[in-house]
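[1] Here you go, sequence then predicted model.
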Amino acid sequence: MRSMTPPSVDLVDSDQGAMATIRRGLALSPELRLGLGVTLLLALIGTAGRVIVPIVVQQVIDGGLIEGGVDMGFVMGRVMFALAATAVTAGTTGWMNLRLAKVSESALSGLRIRAFRHIHDLSMLHQASEQRGVLVSRVTSDVDQISRFMQWAGVMLAINTFQAILALVVMLAYSPPLAFTVVASIPIIVFTMRFFQRRLDVAFLKVREKVGRLLGTLAEVVVGAPVIRAYGIERRIRAKLGVAIEEHRAAGVAAGNLSSTFSGIGELVGALVIAGVMVVGTLLVVAGSETVGTVVAFLFLAQLFVQPVQMLGEAVNEAQTAVAGWRRVLDVLDIAPDVADPGADGVDLPHEPLAASFADVTFRYPKPGEAGAAASGTLALDNVNIEIAPRAKVAVVGETGSGKTTFAKLLTRLMDPTSGTVALAGVPINRVRFESLRDRVVMVPQEGVLFRGTIADNVAMGRPGSSHKELTAAFETLGLEDWLLELPQGLETQVGERGTALSVGERQLVTLVRAAIADPELLVLDEATSAVDPVTEVRINRALGQLTVGRTVVTIAHRMSTAEAADRVIVFDNARIVEDGSHEELLAAGGIYAGLYRSWQRGTSSSI
């Protein structure tokens, strides 16, 4: 089957502001706003406690040091008050962190679930266009970055902002001249933040994109390891992986250099502020307009003011990484599913063998940036009109790229047509609720796809909640109880990663039983072409014979023996139905089908 790459979701709007991204992210994670007022109050209390220590220092120096000695009672009273304030600060800060950890993890787990569900709602075109690792990174490492920001950098930014404001208020109350020395640094700080924030935004977004591509490449290398070894292409694959690693390294180094420069400038600004306070404070003490205690306290307060600046580089680093990750998650959620579930407005299919029809159906694969209805790419189906009666056994044949697989995907609504109508039981398929469609229509793909777990786990996916007795009965119905008894642990046999503990033929048997227990009214089979041993082939054919009884069956036939046994054969060529009839009728017509059948017979004879 030919395909065109649909729009990529890697592209992001780098001009979108960080605050706009955060607002959208919070809107999609309302749990983050739960109890936010209490959390901010705890942050304010915890921050206020830090300002108390400089005030106590000023009072101890100016009030505790008296002529002839020290007023220990006064000093101890102030020290005990400072200790109590510090204990309260520590307690409220710990409580705040605990609340943030619980809320952020709950909210972000919800974001992961929404992102995963949305990915599954996307059509096969969108899913096929993305590397698996890229999609996985959107809902794993990108969300992890958001989590780290919410639990650490977000807390730091909130506390440090409160801290800087409170320190500035206290400084203004103590000494306006000294406070203005600190205030003079604010324009420099704001300019520095604005200058670096935009550049860090782009740099860390690029890092997140390179992480996704690296994970995608790694996933391909791990999944394709047997093919890589079989063809001896380790050197080429290592080179490809090396390029992905190098691109990630280069992006990380560039972002790190930018972040380090920002941090260094923050340290320099902080040092200049402290130096300015010392110089101005010394002159004021000499002039007699300020006390020594006030100047010493000011040094503490100035440090509390500039400390957020010195830590800003690290915090902004995390913030920009989180914003970049948030954008990538939002990019996925922004993709409108082109195969949408009608939900409550939809209808249910009847519990009876289903008729199917295609009316003027055309399908083109979309080019990048195109929506399904406006697709102008490769023509896969061209004005197809056909009706399939209930309980009919139909074989679909044609050369590779003729349109037969696209026909099957439209019939099961894995994709929607560019134009025309596909209907089941007279109901347009886009009006059928997904739950009813997936319950009444089952497609068995060419490759038996299994998931890590037991055979029982995989078969029960056809009807969740099936009992052990029902699962065993499904094997017996298809005449596979003898094979089940041969397995070391029967239904509890582990299938391994992607079913690799079983042979290709055994995986096909499990998928057939899974289809049988689902009990569909319409069964679409993409016939496997993999060679299997004679015993397994007999079992597969016997199981298929039982599975298709009393159902409407459409088989994408790769072996002409399947077409020969069907009630009706539909022949595709160049995206159109060119022949339609029984096996005998099409042979007598001497057209494309007859040619395909003769070629198959010659190939079969030569292999004997």
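    That came in fine, so what should we check first?
[2] Every contact and neighbour count from this point should use C-alpha atoms.
    OK.
[3] what's the longest helix along the chain packed up against?
    When the chain is parsed with DSSP state H, its longest helix is helix 234-287. Where contact means 3 or more CA pairs under 8 Å, 6 or more residues apart in numbering; DSSP states H and E, helix 234-287 is packed against helix 176-183, helix 186-223, helix 292-334.
[4] Mind listing what's buried along stretch 381-398?
    Neighbour counts over stretch 381-398 (16 or more other CA atoms under 10 Å) mark 381-382, 384-385, 388, 390-398 as buried.
[5] With stretch 466-473 instead?
    Those would be 471, 472, 473, for stretch 466-473 by 16+ other CA under 10 Å.
[6] Now do the phi/psi pair for the second one.
    Dihedral angles phi and psi of residue 472 (degrees, to the nearest 10) take the values phi -60, psi -40.
[7] Over to the last one?
    Backbone torsions of residue 473, given as degrees, to the nearest 10, read phi -60, psi -30.
[8] and the buried residues of stretch 381-398, which two are the farthest apart?
    382 and 391 (26.2 Å; CA to CA).
[9] As a check, name the ranges of all strands in the chain.
    Secondary structure of the chain (DSSP state E): strands located at 65-66, 69-70, 356-364, 379-388, 393-398, 419-424, 427-428, 441-444, 522-526, 552-556, 568-573, 576-581.
[10] Same list (these) but as CSV, adding mean pLDDT and distance to residue 228.
    Shown next, in CSV, are those (pLDDT from 0 to 100; distance: least, CA to CA, whole Å):
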stretch, mean pLDDT, distance to residue 228
strand 65-66, 69, 80
strand 69-70, 72, 81
strand 356-364, 93, 33
strand 379-388, 93, 31
strand 393-398, 92, 31
strand 419-424, 94, 41
strand 427-428, 94, 45
strand 441-444, 88, 28
strand 522-526, 90, 27
strand 552-556, 92, 30
strand 568-573, 94, 34
strand 576-581, 93, 37
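[11] how about the ones you listed, which one is nearest residue 265?
    strand 65-66 (38.8 Å).
[12] ok now do residue 407, which residues does it touch?
    For residue 407, the contact set (CA atoms under 8 Å, 6 or more residues apart in numbering) comprises residue 381.
[13] Would you mind putting the helices and strands packed on helix 234-287 into TSV with distance to residue 517 alongside?
    Shown next, in TSV, are these (distance: least, CA to CA, whole Å):
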stretch	distance to residue 517
helix 176-183	74
helix 186-223	29
helix 292-334	34
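[14] from those helices, which stretch is densest packed?
    When those are scored by mean count of other CA atoms under 10 Å, the highest mean neighbour count falls to helix 292-334 (a mean of 23).
[15] thinking again about what came up before, which among the buried residues of stretch 381-398 gets closest to residue 559?
    Relative to residue 559, and with distances defined as CA to CA, the nearest of the buried residues of stretch 381-398 is residue 397, at 8.8 Å.
[16] Do I have it right that that closest one meets residue 408?
    No - assessed by CA atoms under 8 Å, residue 397 is found out of contact with residue 408, at 11.5 Å.
[17] Need the residues touching each of the two.
    Common neighbours of residue 397 and residue 408 (CA under 8 Å, 6+ apart) are residue 556.
[18] which intervals of the stretch 501-608 of the chain have sub-threshold pLDDT?
    528-532, 603-608 (pLDDT under 70).
[19] now swap in the stretch 251-400 of the chain and tell me
    Using pLDDT under 70, the flagged stretches of the stretch 251-400 of the chain are 309-318, 320, 334-338, 368-375.
[20] pretty sure residue 90 contacts residue 46?
    Yes - taking CA under 8 Å as the definition, residue 90 is a contact partner of residue 46 at 6.8 Å.
[21] Who has more neighbours out of these two?
    residue 46 (26 against 17; other CA atoms under 10 Å).
[22] List the residues that contact that one.
    Contacts of residue 46 by CA under 8 Å, 6+ apart are 88, 89, 90, 91, 92, 93, 159.
[23] now do residue 463
    Applying CA under 8 Å, 6+ apart, the residues near residue 463 are 514, 517, 518.
[24] now with 7 Å?
    517, 518 (CA atoms under 7 Å, 6 or more residues apart in numbering).
[25] Relative to residue 450, how far out is it?
    According to CA to CA, to the nearest Å, residue 463 and residue 450 sit 15 Å apart.
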